[in-house]
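> sequence below, structure please.
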Amino acid sequence: MESEPTDPPDTGAPHGGTPDQAPPASGPRTLAEAGRQRRDIVSGEVMDEDRLIRFVAGPDGVVAPDLARKLPGRGLWVAADRTSVETAARKNAFSRAAKAKLSAPADLADRVDALLARRILAGLGLALRAGGLILGFESVIGAVRADKVGWIVEASDGAADGRNKLLYASKALTKPPRLLGAFNSDELSLALGLGNVIHLAFLAGRGAERWTTDVERLSGFRPLLPESWREEP
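I've put the predicted structure just below:
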């Protein structure tokens, strides 16, 4: 049985006559740009897909996240932050946008958070197998000094000394790598199938760029760095 088509790009022309699909005043400049823009059903703002979470309604009328944007059915797009998802669930925004009776779990934002975290950790595993990930302090600091790193990934429960040495080395670069500390050593070790993972470097490139999209979306649901790190020199 042929699958139902996904939602068409929000190019500015309303589809299905729904007013929430209207374009921004300036409109997209190209068809490719239009294909990446959607309207947040909570704020009404049109923004790039990378800043949104796609949801679809299942056969039972319950809304579920579609982080890969591949599930069939009309997409319902919400800004990638906890407040927006909680508001959409609480204020029945999914039903209004779909013009159908839908229900959203009360813990929908927590589910998005957990799915994003799982997706990010899985991305690290894929990067390791593809040769895009470097492990261990000495290897990581060497890659940082060689200006090859897009992200430094540090276990949230790792010692400050090694982390601060990596950050100090990165300060000499014109464009220092970004830092992620949202996962502890056990989580990183499980994702990579290794033991005692503390220091990681995600090499700059297209793989890191794609992975960054999910990390930035996760930042709307949880801090990317532990609070205690902000007090470090």
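> gap between stretch 137-148 and the chain center?
25 Å (Cα atoms, centre = their mean, to the nearest Å).
> list the buried residues of it.
V140, I141, A143, V144 (16 or more other Cβ atoms under 10 Å). The way it works is simple: take the backbone N, C-alpha and C, and place the C-beta from them, glycine included.
> and stretch 126-137, by the same measure?
Buried residues in stretch 126-137 (16+ other Cβ under 10 Å): A127, L128, G132, L133, I134, L135.
> equivalent analysis for stretch 210-220, please.
W211, T212, D214, V215, R217, L218, S219, G220.
> for these, give me CSV that also has distance to L166, pLDDT and secondary structure.
Formatted as CSV, the buried residues of stretch 210-220 follow (distance: Cβ to Cβ, whole Å; pLDDT from 0 to 100; DSSP: H, G, I helix; E, B strand; the rest coil):
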residue, distance to L166, pLDDT, secondary structure
W211, 19, 97, helix
T212, 18, 97, helix
D214, 22, 97, helix
V215, 18, 98, helix
R217, 25, 98, helix
L218, 21, 98, helix
S219, 20, 98, coil
G220, 26, 98, coil
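> just send those residues back as a markdown table, with distance to L108 too.
Putting those into a markdown table (distance: Cβ to Cβ, whole Å) gives the following:
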| residue | distance to L108 |
| --- | --- |
| W211 | 24 |
| T212 | 24 |
| D214 | 18 |
| V215 | 20 |
| R217 | 15 |
| L218 | 15 |
| S219 | 18 |
| G220 | 13 |
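> and those residues, which is closest to R38?
Taking Cβ to Cβ as the measure, R38 lies nearest R217 of the buried residues of stretch 210-220, at 13.6 Å.
> with adjacent residues omitted, what lies nearest to that closest one?
Nearest residue to R217 in three dimensions, chain neighbours excluded: A80, at 4.0 Å (Cβ to Cβ, 6 or more residues apart in numbering).
> confirm for me that the one you found is in contact with D214.
No: if you go by Cβ atoms under 8 Å, A80 and D214 don't touch, sitting 9.5 Å apart.
> where does this structure dip in pLDDT?
1-35, 231-233 (pLDDT under 70).
> ok, A160 to S228 distance?
9 Å (Cβ to Cβ, to the nearest Å).
> now the strands for the chain?
37-39, 46-48, 52-57, 63-65, 76-79, 133-135, 149-154, 178-180, 199-203 (DSSP state E).
> could you check the angle the lengthiest helix in the chain makes with strand 52-57?
The longest helix of the chain (DSSP state H) is helix 108-130. Taking axes from the mean of the first three to the mean of the last three Cα atoms, to 10 degrees, one finds helix 108-130 and strand 52-57 inclined to each other by 110 degrees.
> packing partners of helix 108-130?
strand 63-65, helix 82-90, strand 133-135, helix 185-192, strand 199-203, helix 206-218 (3 or more Cβ pairs under 8 Å, 6 or more residues apart in numbering; DSSP states H and E).
> for the ones you listed, which one sits closest to P177?
Closest of the helices and strands packed on helix 108-130 to P177 is strand 199-203, at 7.4 Å (criterion: Cβ to Cβ).
> what lies in contact with stretch 206-224?
50-51, 53, 67, 79-82, 84, 109, 112-113, 116-117, 119-120, 123-124, 126-127, 130, 132, 150-151, 178-182, 202 (Cβ atoms under 8 Å, 6 or more residues apart in numbering).
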